[in-house]
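*Asks:* Sequence and predicted model, in that order:
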Amino acid sequence: MAWTAQRLAAALAGRARAGGGSRTAAAVAGAACAAALGVAWCEPKRRLQKHPSEGVRQRDLIRCRGGWNELQATYDVLGAVGRGGFGRVQRARHRMTGLLRAIKTVPTGQHGEAVSSEEEWSRMLIEVEALMALTHPNIVQLHEYYRDADALYMVEEYCSGGTLEQRLQQRGGRLPPPEAAVVLRQMLRGVLCCHAHGLAHRDLKPDNFVFASRDEEASLKLIDFGLSLGPNVKSHTARCARDAPEMRT
Ligand SMILES: Nc1ncnc2c1ncn2[C@@H]1O[C@H](COP(=O)(O)OP(=O)(O)OP(=O)(O)O)[C@@H](O)[C@H]1O
Ligand SMILES: [Mg+2]
């Protein structure tokens, strides 16, 4: 007998209710529906958060590992993989585990324009911590960060497959429809997850999606949350000289 998404969800919901607890039943049913339809699922509790930082308690703000010296003690910094409007991105190897990471450096000291006061720093750090809570196959994972007087260093999962922009250029500017559909679905899943957490990325473009590896089937990940916006985090994003006028409101 073929199972539709609704029938699967209804059956699971009934089973969960029998075990007691309608909230669990709804969550199980929702997750089953999402799985059957092939879309991302977020727990209702998380979806209703007003701000991505909600639920990040002060005692959880522990993932700042130090400054540049501590970073160098932990990682062997290998070389540049990219440079953008805000800073540079370098490849690095974790000295203990050998895992490859991407380290994005955002200058914040006297040479940087992104953050100028302690208040802005703390807002930015709360946003960074909130981003660390975003775990999704189509969003680059932010593992930890370092900061000192000059810069913020974000340690991310390393994606070796290049950007979507580069892939488009290699293919003469367009992808065959079946491939484009797979790419678009992954882009939307990443964006949906951000929105479910109250976070607007505000800089969606092929340059800000990278492939996890060179594999044809490699998953696509959203990067570069430098302009992202939650309801309580505005000032460091609205000061950028390259913002489009409509983003300054
Ligand atoms: N996690 C990563 N793994 C591999 N490469 C990455 C990663 N993050 C960024 N890059 C590379 O570095 C480039 C710049 O990164 P990013 O977009 O985050 O910086 P940016 O300074 O905000 O750039 P811009 O504002 O111009 O978009 C990317 O286009 C990509 O080539
Ligand atoms: Mg970018």
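*Replies:* Thanks, I have the structure now. Ligands and ions are numbered 1, 2, ... in the order given.
*Asks:* Can you name the residues of the chain sitting close to ligand 2?
*Replies:* Contact residues, the chain versus ligand 2 (CB under 5 Å from the ion): 84, 208, 224. (Glycine included, C-beta is placed from N, CA and C.)
*Asks:* any low-confidence regions in the protein?
*Replies:* For the chain, the stretches with pLDDT under 70 are 1-62, 86, 109-117, 230-249.
*Asks:* Show me where it has its strands.
*Replies:* Assigned by DSSP state E, the chain shows strands spanning 75-83, 88-94, 100-107, 142-147, 151-157, 209-211, 220-222.
*Asks:* In this model residue 153 seems to touch residue 128, though I could be wrong.
*Replies:* No: Residue 128 is beyond contact range of residue 153, at 10.5 Å (criterion: CB atoms under 8 Å).
*Asks:* Can you report how many residues lie near the residue of the chain found nearest ligand 2?
*Replies:* Taking CB to the ion, ligand 2 has its nearest neighbour within the chain at residue 224, 3.6 Å off. If you count neighbours by other CB atoms under 10 Å, residue 224 ends up with 21.
*Asks:* circling back to that earlier point, please identify which of the strands of the chain is closest to residue 201.
*Replies:* The closest of those to residue 201 is strand 220-222. By CB to CB, the value is 6.7 Å.
*Asks:* List the contacts of the closest one.
*Replies:* Outside strand 220-222, the residues within contact range by CB atoms under 8 Å, 6 or more residues apart in numbering are 137-140, 157, 159, 164, 183, 186-187, 190-191, 194, 201, 204, 208-212.
*Asks:* Filter these down to just the buried residues.
*Replies:* Buried members of these, counted by 16 or more other CB atoms under 10 Å: 138-140, 157, 159, 164, 183, 186-187, 190-191, 194, 201, 204, 208-212.
*Asks:* Ligand 1 next: which of those residues are close?
*Replies:* Contacts with ligand 1 within the buried ones among the contacts of strand 220-222, counted by CB under 6 Å from any ligand atom: 140, 157, 159, 208, 210.
*Asks:* ok, back up a step: winner for burial among the strands of the chain?
*Replies:* Of all the strands of the chain, strand 209-211 carries the top mean neighbour count, a mean of 25, counting by mean count of other CB atoms under 10 Å.
*Asks:* Now the lengthiest helix in the chain: buried residues?
*Replies:* Selection of the longest helix in the chain by residue count, based on DSSP state H, yields helix 177-196. Using 16+ other CB under 10 Å as the test for burial, helix 177-196 gives 183, 186-187, 189-194, 196.
*Asks:* and of the residues you listed, the nearest to residue 106?
*Replies:* Proximity of the buried residues of helix 177-196 to residue 106 (CB to CB) peaks at residue 194, which lies at 19.0 Å.
*Asks:* Could you measure from the closest one over to ligand 1?
*Replies:* 15 Å (CB to the nearest ligand atom, to the nearest Å).
*Asks:* check contacts around the spatially closest residue to that residue that is not a sequence neighbour.
*Replies:* Nearest residue to residue 194 in three dimensions, chain neighbours excluded: residue 201, at 5.5 Å (CB to CB, 6 or more residues apart in numbering). By CB under 8 Å, 6+ apart, the contact set of residue 201 is 191, 194, 208, 222, 225, 227-228.
*Asks:* how about the residues you listed, which pair is most distant?
*Replies:* Farthest pair in the contacts of residue 201, by CB to CB: 191 and 227, 13.9 Å.
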